[in-house]
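Q: Sequence and predicted structure below; questions after.
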Amino acid sequence: MNSWDLPTEALTIQHGGSASDATAVMPTVGDAATVAMPVASPDHTRTEAMPFVDMPAAQAAPAAAPKDPFATAATPAYGTAAPAVAAPAANPAAGAGGAGDGSGNPPGGDDMAEKPRKKRRTRNIIIIVLLVLIACVAWLGVRALMVKNDLQAAQRVVAHVQQEPDSLDAALPVLGDYAGSAASVRWDPIWRVAEFVPWAGANLKGVRLAAESLDVAANDLAVPALEAMREESETPILQRILPILDEVQPRITSLADKIHAVADSSSLIGPVRSGVDMVDKVMQQAGPAIGVAPGLLGADGEKNYLLVFMNNAESVGLAGSAASQTLLNVNEGAISIAAQAGSGDFKEDGGAVDVDVPQSALDLYTNYLVDHVNTTPSRPDFPTMAALDRAFWNRDIGDQQIDGVVGIDPIALSYILDATGPITIEETGDTLTSANAVQLLLSDVYSRWGDYESQEMADAFFAGVATKVFDKIATGDFDMLTMVSSLGRGIDQGSLLFHSFDDDTQSYIEHERVSGILPTSNEEESVVGVYFRDESTSKISYYMKSNIDVTQTCTDGSSTFAVDTTLHMDIDSFDGLPDYVRPQNDAFWGLTRTAVYVYGPPGTTLDSVEIEGREVEIKNQDIDDLGRPVAFVWAYLGPTEMATIHTTFSGKGDFGPAAVWSTPMVNASTGTVTPCGATE
């Protein structure tokens with residue numbers, strides 16, 4: 001758990017009060033940050049950093065506000081009264097005609113009396129200033145404890161919701177109350193002035209901005225959005241949420257900029273820096289997201305998005321064959337289906353579409369990449385696929401402006417059904433659930449309509465499913481927390497992708513997994529890409545299993561990546577399969593042929609390729625694609641057969657820990673990733 005420690009020197013408290021420990025929560029998912037506030041030691045002689053740890057259940061309610069240190073006449077806790085000053089002794093000569101100026105005063109008497117008065121005045125001013133400073137510091141400590149308790153209480157609310165998602169409706173207003181109380185320090189003049197104190201001020205500012213971020217997330221976004229979703233209205237849910245996004249966007253953007261500036265401060269102490277960095281990371285994502293969301297939802301004019309249904313039963317690069325497509329229209333938050341098309345609607349002999357594709361991609365994937373719509377996902381680069389699918393649609397289906405492309409496969413769809421619940425397809429009477437979606441969409445449909453002439457019936461079935469799912473989403477008939485989790489799960493495994501043709505929007509997502517863009521550096525991870533393309537003119541990938549093991553070894557200034565990819569055709573016989581499913585190409589001797597593309601990390605070179613220990617010729621040995629070396633081989637498999645492809649890449653320089661991205665398969669790929677040092 002991360003921790004936050006405010007600088008002890010800045011918050012010395014000289015009083016006898018005690019404080020409960022508590023835990024601070026930051027406005028982000030994952031581990032909450034823990035804050036430590038300095039308090040007086042039990043013997044009142046020194047200060048200590050008190051960590052924010054979990055409070056006992058009996059202290060679940062926020063602590064009562066400490067008594068105002070300025071409320072009492074005597075405040076021995078913060079200082080002591082100035083000592084009394086004795087009056088000067090009477091001059092025995094005064095009034096008796098003693099030596100002097102004849103007035104009864106000694107020589108220079110006025111000046112001598114004035115000097116003690118000036119000293120007393122100076123001393124009193126100093127004492128008053130010190131008392132004020134001590135009181136201000138004490139008040140900062142009091143406020144810090146109040147903020148701490150509010151944030152700790154907010155963390156308990158968040159933890160409770162994580163354990164019991166159904167409690168969200170009741171918990172959000174409570175979370176909002178605690179968040180608003182913690183963020184009230186932004187109105188505290190003493191706190192705000194203290195933020196200008198060198199070194200300590202940046203730490204105080206970081207804590208305040210964290211509290212403000214939670215306040216905005218809860219009270220300006222989450223609470224009103226939940227209320228909008230829950231209200232009974234015929235207005236589509238996104239239309240109800242859109243005004244909320246518009247209103248909160250300036251505040252989110254402002255906070256993101258401010259906390260990013262604090263994160264760059266060299267004054268932050270270690271624990272505070274880790275907490276601020278965590279909040280900064282979240283806000284740097286939330287700011288642009290909230291900024292582009294209204295435009296994506298058609299706040300500034302209607303948008304058209306092409307939804308491409310990728311069929312994993314025929315594995316093709318990013319996911320599967322891109323045969324079924326739906327054009328979605330979004331206008332001020334309202335979503336409608338503008339048009340739909342299946343594989344039979346695209347021209348079979350229309351030739352290549354007019355899209356600029358690098359020669360390296362054509363060398364690896366041939367002209368099939370640009371002249372057949374179903375193979376547009378071949379190259380593991382979603383911007384390439386999006387540009388090609390837009391061109392195919394505009395050439396063969398309609399000339400509508402397309403503002404973005406969404407790629408989704410039945411695996412991601414099954415996750416979404418967890419949030420929407422079952423849907424019924426009236427045309428066939430089927431009930432689609434998260435449990436049966438993959439089998440029904442990728443296998444059963446071909447048992448019903450196995451001949452090629454009936455493929456249009458399967459496409460119509462896919463289109464009907466898409467319509468029903470988006471009807472549920474548009475009307476808000478789904479569980480929000482489950483939907484967020486489901487979408488994240490689909491994105492993480494590459495089953496849900498998005499590309500925007502708006503440069504500003506695309507720049508926000510281009511480094512995220514949802515963009516479908518392989519990383520261009522090894523700073524965070526050294527990603528190996530392993531992708532499959534079935535070339536058997538079939539839907540046989542439904543039965544394919546795969547295992548990918550990646551082992552990274554490091555020496556001084558270099559890394560080696562050994563990638564073992566095993567394919568297993570897990571079916572006893574092709575006999576009895578529908579014609580549309582079994583391998584169709586007689587040139588492969590009744591076997592399946594799967595093209596395997598292994599992309600090494602950027603900055604490496606391809607050293608070797610072997611299949612089952614047997615040296616083979618590396619096809620297109622000198623090709624790099626997407627800034628990476630590529631190993632390309634074919635694997636021929638009959639029923640029950642297996643093949644393992646061993647590839648090795650190496651390079652000099654700094655490499656992050658190994659990771660792997662691969663084609664989402666019906667049978668999820670297994671395997672292990674072993675980074676440097678894991679086996680030492």
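A: Now that the structure is in, tell me what you want to look at.
Q: in the stretch 351-500 of the chain, which ranges drop under the pLDDT threshold?
A: Applying pLDDT under 70 to the stretch 351-500 of the chain picks out residues 450-456.
Q: Which parts of it are strands?
A: Shown for the stretch 351-500 of the chain, the strands assigned by DSSP state E, counting those that start in this stretch span residues 404-408, 423-425, 430-432, 496-500.
Q: and those as TSV, adding mean neighbour count and distance to S315?
A: To be clear about C-beta, it is placed using only N, CA and C from the backbone, and glycine gets the same treatment. Output for the strands of the stretch 351-500 of the chain, formatted as TSV (neighbours: other Cβ atoms under 10 Å; distance: least, Cβ to Cβ, whole Å):
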stretch	mean neighbour count	distance to S315
strand 404-408	23	14
strand 423-425	15	25
strand 430-432	18	22
strand 496-500	25	15
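Q: who wins for proximity to N522 among these?
A: Taking Cβ to Cβ as the criterion, strand 496-500 is the member of the strands of the stretch 351-500 of the chain that comes nearest to N522, at 22.4 Å.
Q: The closest one pairs with which strands, parallel or anti?
A: Pairing partners of strand 496-500, with direction, according to DSSP bridges: strand 404-408 (antiparallel).
Q: List the contacts of the partner strand.
A: The set of residues that contact strand 404-408 without belonging to it, under Cβ atoms under 8 Å, 6 or more residues apart in numbering, is 296, 303, 305-310, 318-319, 322, 328, 377, 382, 385-386, 389-390, 490, 495-502, 505, 516.
Q: Can you select the buried ones from those in PyMOL?
A: Command for PyMOL that selects the buried part of these, burial taken from 16 or more other Cβ atoms under 10 Å:
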select buried, resi 296+303+305+306+307+308+309+310+318+319+322+328+377+382+385+386+389+390+490+495+496+497+498+499+500+505+516
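Q: Out of the contacts of strand 404-408, which sit inside helices?
A: Per DSSP state H, helices hold the following members of those: L296, F382, M385, A386, D389, R390, G490, T505.
Q: which pair in those spans the largest distance?
A: R390 and G490 (21.9 Å).
Q: all helices of the stretch 451-600 of the chain, in order?
A: Applying DSSP state H, counting those that start in this stretch to the stretch 451-600 of the chain gives helices spanning 455-474, 480-492, 503-509.
Q: Any buried residues in the shortest one, and which?
A: Of the residues in helix 503-509, those buried under the neighbour-count criterion (16+ other Cβ under 10 Å) are T505, Q506, Y508, I509.
Q: what do you get for the longest one?
A: Using 16+ other Cβ under 10 Å as the burial criterion, the residues of helix 455-474 that qualify are 455, 458-466, 469-470, 472-474.
Q: Show me which of these is closest to R593.
A: Checking the buried residues of helix 455-474 against R593 with Cβ to Cβ, the nearest one is Q455 at 21.4 Å.
Q: Which one of the buried residues of helix 455-474 is nearest to A210?
A: Of all the buried residues of helix 455-474, the one with the least separation from A210 (Cβ to Cβ) is I473, at 32.9 Å.
Q: my guess is D607 is in a strand, correct?
A: Yes. For D607, which was evaluated using DSSP: H, G, I helix; E, B strand; the rest coil, the result is membership in a strand.
Q: Tell me how many other residues surround it.
A: By other Cβ atoms under 10 Å, the residues close to D607 number 16.
Q: Let me see the contact set for it.
A: Counting by Cβ under 8 Å, 6+ apart, D607 touches T560, T648, F649, S650.
Q: most surrounded residue in the residues you listed?
A: Among the contacts of D607, F649 has the most neighbours (other Cβ under 10 Å), with 25 neighbours.
Q: Look up how far A352 lies from that residue.
A: Remark: distance between F649 and A352 (Cβ to Cβ, to the nearest Å) = 32 Å.
Q: ok, back up a step: can the strands of the stretch 351-500 of the chain go into CSV with extra columns for distance to D534?
A: Shown next, in CSV, are the strands of the stretch 351-500 of the chain (distance: least, Cβ to Cβ, whole Å):
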stretch, distance to D534
strand 404-408, 18
strand 423-425, 27
strand 430-432, 25
strand 496-500, 19
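Q: Among these, which comes closest to V660?
A: Nearest to V660 among the strands of the stretch 351-500 of the chain is strand 496-500 (17.3 Å), distances taken as Cβ to Cβ.
Q: ok, residues contacting the closest one?
A: Strand 496-500 has contacts (Cβ under 8 Å, 6+ apart) with 296, 318, 382-383, 385-386, 403-409, 412, 487, 490-491, 506, 509, 514-516.
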